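Participant: what follows is a predicted protein model with its sequence.
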Amino acid sequence: MHRSFSRYVLILIAAVSIRSECIWAQTTAKSAWPPSSDHTTLKLWPDGPPGNPPSRGPERDAAGPNDLPMGGRPVIRLTDVSIPTMTVYQPPANKRTGAAALVLPGGSYKVLAIDKEGTEICDWLNSIGVTAILLKYRVPDAGP
């Protein structure tokens, strides 16, 4: 099942990219968490998410002064996501195993712990040769 799931994820990404070449682009809206330019980012809905409710405000990092750094790195708590995306993290060519994993950062269904449960997981997966796809998604309760 592990291999078939990996193939399914890769086939899904290929099918979406073939459907519309205009959806492969860095997001144009300002983001509180922009991925680095060496990663490919895909908007899940090029014309905006279906049933897109008005946002409480611009996407932002909701970490406050009481959120202490973990492991010497600051914490990012992403909220008010209005443009859901998938960002592809590829391992170095000489390490690629052909496997892929979809990473969905947690955050108590209020925020996205985009670094600790997102990018750091993607970096680790890349270190063992696995392509990681990080999903930045909307949550219904985007605030305190």
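Facilitator: The structure has been received and is ready for your questions.
Participant: for stretch 36-48, give the mean pLDDT please.
Facilitator: Mean per-residue pLDDT for stretch 36-48: 88.
Participant: just how off-centre is that stretch within its chain?
Facilitator: Stretch 36-48 sits 9 Å away from the centroid of its parent chain (CA atoms, centre = their mean, to the nearest Å).
Participant: those strands in this protein, which residues are they?
Facilitator: Assigned by DSSP state E, the strands in the chain fall at 40-43, 60-61, 78-79, 85-89, 100-103, 131-136.
Participant: list the buried residues of the last one.
Facilitator: Of all the residues in strand 131-136, those buried under the rule 16 or more other CB atoms under 10 Å are 131-134, 136. Quick note: C-beta positions are derived from backbone N, CA and C, even for glycine.
Participant: any idea of the mean pLDDT for that strand?
Facilitator: Mean pLDDT, computed over strand 131-136, is 97.
Participant: okay, angle between it and strand 85-89 too, please.
Facilitator: Here the directions of strand 131-136 and strand 85-89 differ by 160 degrees (axes from the mean of the first three to the mean of the last three CA atoms, to 10 degrees).
Participant: sorry, back to before: pick the most buried one from the strands of the chain.
Facilitator: Mean neighbours per residue, mean count of other CB atoms under 10 Å, is largest over the strands of the chain for strand 78-79, with a mean of 24.
Participant: I am finished for the moment; much appreciated.
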